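Participant: From the sequence below, what's the structure:
(4 chains)
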Protein chains: 2
Amino acid sequence: MGTVAKALSLLNLFSLTRPEIGLSEIARLSGMNKATVYRMLSELQTQGLVEQTGPERAYRLGAGVLRLATLRESSVPLLDVAKPILTDLSIQTGETAHMSVISGTQLHLAAYAYSPAYATKVTMENAEDMPFHATASGLAILAYCDSDVIEEALAEPLKSYTTNTVTNRADILNLLEPIRATGLSESLGRYEAEVYSHAMAVFGPDRRPTGALAVAAPASRMTPETTAKIRAHLTDAVRSLTERTGGLLPDKHPLLQPA
Amino acid sequence: MGTVAKALSLLNLFSLTRPEIGLSEIARLSGMNKATVYRMLSELQTQGLVEQTGPERAYRLGAGVLRLATLRESSVPLLDVAKPILTDLSIQTGETAHMSVISGTQLHLAAYAYSPAYATKVTMENAEDMPFHATASGLAILAYCDSDVIEEALAEPLKSYTTNTVTNRADILNLLEPIRATGLSESLGRYEAEVYSHAMAVFGPDRRPTGALAVAAPASRMTPETTAKIRAHLTDAVRSLTERTGGLLPDKHPLLQPA
DNA sequence: TGAAGTCGGTTCATTATTCAAACCGTTGGT
DNA sequence: ACCAACGGTTTGAATAATGAACCGACTTCA
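Facilitator: Predicted coordinates:
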């Protein structure tokens, strides 16, 4: 990993639960030398990607990221396009719909929509990390990735989130087979207990996955009828989003067979 | 400028009018070696800040910037807070209201609101570059910056945008005096011909400027009454935004004297 | 009061990375 | 068939990154 990538990886230390971090703690969390971290943060600061708060001098994400995101949405309006699709999907299914997007080698939640149908629902946080091996969305994407990308995503150690999380590399590879056959990834409680998820990959213009759409519901509400309904609407949503973002399905994708 | 800052400066080459750029052109635009640019872009790509389009392999801003912006807005909801204030300001004044934000050493448009009052209005583009020396917002900010920041912003050569643009360093420094006295920066046609702008700086928790609020109107509509109205509402908007973002006015700021 | 930990930030010899220029293989126009 | 431009890759020579120790300012606690 080069210097630039190391410096940018510091940005991944910030999260909803840890929006501001001091110099020494960033050094500790990243495992890098404090002097190195200081120089990197100073350079990030000159470009507006981080800024320092008042007297404590802690670092946080800077206003520059807002400009970059605005620019990106202006030329590639992913969120603009996805949000109404997610809203429709959540209404049609009565459950929480969400979209995750690959950025670099990680998968993160990009947008979501809740349904008002039930008081109990699966809740989410924007920008949340979505581990490839433990989420329906992650596996839906891996099923259409090159083997080297798969190997990187399944590098040890794989964290276990619930008693149902599959952490064995070979077992996970076996899970990908049925996903390739149907395009659909299903998971029960592998990331959050008692959550049943349906997910499908979304593809870019190069026919490679860029993210995933998913519907997450309490396992108790899953019946054959509701899963069938979710599958149908999720399929439509993926078709719509892929088309409207200029994406193309890969060869041999199940949705290409109209029968 | 270190390697990290150089790599990040590549991101500034992307704009609304130039959302995708090829490797050779990035090298040309940045003045760096092609091999250097290639390595930097590859590292930016691993972190999701840029991505490559289909077969042409051109580069554009990546999905990673969306996540960073979401995270930043979650912890420091600048745009969320500013947008309703801008909407109110545009309705109250009948003209275009906008907010610019410092990111690194540059000033960019972060948000704006149009008024429906007139068919002719000043239009804006998000993420647009706002040169410090030629905009009312830029000067409103410079008036409260340290002298070294001012010198950097006024480093030659200063581009001339209209016949009214002031490009002489000493003349610009003189413009800052009345701004410090009133907190208000006014400009007629120095960036866009026939546009009259009122601007005031907004401050962060460290009592230093973080950006500016402004009202831009066709010069033909400016009368003593309308400018007085704009000043009053702009002042209120700055007070409100500064307070709601946890900012503090610097010592000696005119808004601190209630008389 | 003062010794021991922090903290953010700085220094400097050692070392690894980056640089510039030339070179591939491919593509597209003439 | 040619030529130019493209994205990408290699190469010694030059430059920048690195990390341990250090600094002064603060807190903590005895």
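Participant: For the residue in chain A that DNA strand C sits nearest to, which residues are in contact?
Facilitator: Among all residues of chain A, residue A:22 sits closest to DNA strand C, at 2.4 Å; criterion: C-beta to the nearest atom of the strand. Where you see a C-beta, it was placed from the backbone N, CA and C, and this is true even at glycine. The neighbours of residue A:22, taking C-beta atoms under 8 Å, 6 or more residues apart in numbering or on different chains as the test, are A:56-59.
Participant: Now list the buried members of these.
Facilitator: Neighbour-count burial (16 or more other C-beta atoms under 10 Å in any protein chain shown) applied to those gives A:58-59.
Participant: show me which of the contacts of residue A:22 neighbour DNA strand C.
Facilitator: A:57-58 (C-beta under 7 Å from any atom of the strand).
Participant: Doesn't residue A:225 belong to a helix?
Facilitator: Yes. Looking at residue A:225 with DSSP: H, G, I helix; E, B strand; the rest coil, it is inside a helix.
Participant: Tell me where chain A has strands.
Facilitator: Ranges of strands in chain A, per DSSP state E, are A:50-52, A:59-61, A:96-103, A:106-113, A:184-188, A:195-203, A:209-218.
Participant: hang on, the earlier thing: quick check: phi and psi on the residue of chain A closest to DNA strand C?
Facilitator: Torsion angles at residue A:22 (phi, psi; degrees, to the nearest 10) stand at phi -80, psi 170.
Participant: which one is residue A:12 nearest to, not counting chain neighbours?
Facilitator: Counting by C-beta to C-beta, 6 or more residues apart in numbering or on different chains, residue A:12 lies nearest to residue A:106, which is 7.5 Å off, once chain neighbours are set aside.
Participant: I figured that neighbour was touching residue A:129, is that so?
Facilitator: Yes. Counting by C-beta atoms under 8 Å, residue A:106 does reach residue A:129; the two are 6.7 Å apart.
Participant: More neighbours: which of those two?
Facilitator: residue A:106 (19 against 14; other C-beta atoms under 10 Å in any protein chain shown).
Participant: got the buried residues for stretch A:78-88?
Facilitator: Neighbour counts over stretch A:78-88 (16+ other C-beta under 10 Å) mark A:78-79, A:81-83, A:85-88 as buried.
Participant: Also stretch A:62-76?
Facilitator: A:62-74, A:76.
Participant: swap in stretch A:165-174?
Facilitator: A:165-167, A:172.
Participant: again with stretch A:98-107
Facilitator: A:98-104, A:106-107.
Participant: Quick check: the farthest pair among those residues?
Facilitator: Pairwise distances across those (C-beta to C-beta) peak at 19.6 Å, for the pair A:98 and A:104.
Participant: Run the chain-centre distance for stretch A:87-107.
Facilitator: 9 Å (C-alpha atoms, centre = their mean, to the nearest Å).
Participant: is chain B contacted by the least confident helix or strand in chain A by mean pLDDT?
Facilitator: The helix or strand of chain A with the lowest confidence, counting by mean pLDDT, DSSP states H and E, is helix A:147-153 at a mean of 91. No. Using C-beta under 8 Å from any C-beta of the partner chain, helix A:147-153 never reaches chain B; the gap is at least 10.6 Å.
Participant: List the buried residues in that helix.
Facilitator: Here helix A:147-153 shows A:149-150, A:153 as buried, counting by 16+ other C-beta under 10 Å.
Participant: need the contact list for the residue of the stretch 51-200 of chain A at minimum distance from DNA strand D.
Facilitator: Residue of the stretch 51-200 of chain A nearest DNA strand D, by C-beta to the nearest atom of the strand: residue A:55 (9.2 Å). By C-beta under 8 Å, 6+ apart, the residues touching residue A:55 are residue B:206.
Participant: Point out the least confident one among the buried residues of stretch A:98-107.
Facilitator: For the buried residues of stretch A:98-107, the weakest pLDDT value sits at residue A:104, with 89.
Participant: how near is that one to residue B:48?
Facilitator: Separation of residue A:104 from residue B:48 (C-beta to C-beta, to the nearest Å) stands at 4 Å.
Participant: Identify the contacts common to these two.
Facilitator: What both residue A:104 and residue B:48 touch, as defined by C-beta under 8 Å, 6+ apart, is the set B:62, B:64.
Participant: Name the residue of the stretch 151-259 of chain A that lies nearest to DNA strand D.
Facilitator: residue A:206 (11.8 Å).
Participant: just to revisit the earlier point, ok, and which of the buried residues of helix A:147-153 reach DNA strand C?
Facilitator: Of the buried residues of helix A:147-153, not one also sits near DNA strand C (C-beta under 7 Å from any atom of the strand).
Participant: just curious, which of the residues you listed is nearest to chain B?
Facilitator: Nearest to chain B, judged by C-beta to the nearest C-beta, of the buried residues of helix A:147-153 is residue A:149 at 12.0 Å.
Participant: where does the residue of chain A most remote from its centre land on pLDDT?
Facilitator: Each residue of chain A has a distance to the centre, and by C-alpha atoms, centre = their mean the biggest one is for residue A:55: 35.0 Å. On pLDDT, residue A:55 comes in at 80.
Participant: Against residue A:42, how distant is it?
Facilitator: 18 Å.
Participant: likewise residue A:174?
Facilitator: 48 Å.
Participant: Name the nearest residue to residue A:169, sequence neighbours excluded.
Facilitator: In space, residue A:169 is closest to residue A:154, 5.0 Å off (C-beta to C-beta, 6+ apart).
Participant: Tell me, how many residues neighbour that neighbour?
Facilitator: Neighbour count for residue A:154, taken as other C-beta under 10 Å: 17.
Participant: Residue A:125 now?
Facilitator: Counted with other C-beta under 10 Å, residue A:125 comes out at 13.
Participant: show me the contacts for the residue of the stretch 151-259 of chain A found nearest chain B.
Facilitator: Nearest to chain B, among the residues of the stretch 151-259 of chain A, is residue A:205, at 4.0 Å (C-beta to the nearest C-beta). For residue A:205, the contacting residues are A:246-248, B:53-54, by C-beta under 8 Å, 6+ apart.
Participant: where along the stretch 51-200 of chain A do the helices fall?
Facilitator: A:64-75, A:78-93, A:136-142, A:147-153, A:169-182 (DSSP state H, counting those that start in this stretch).
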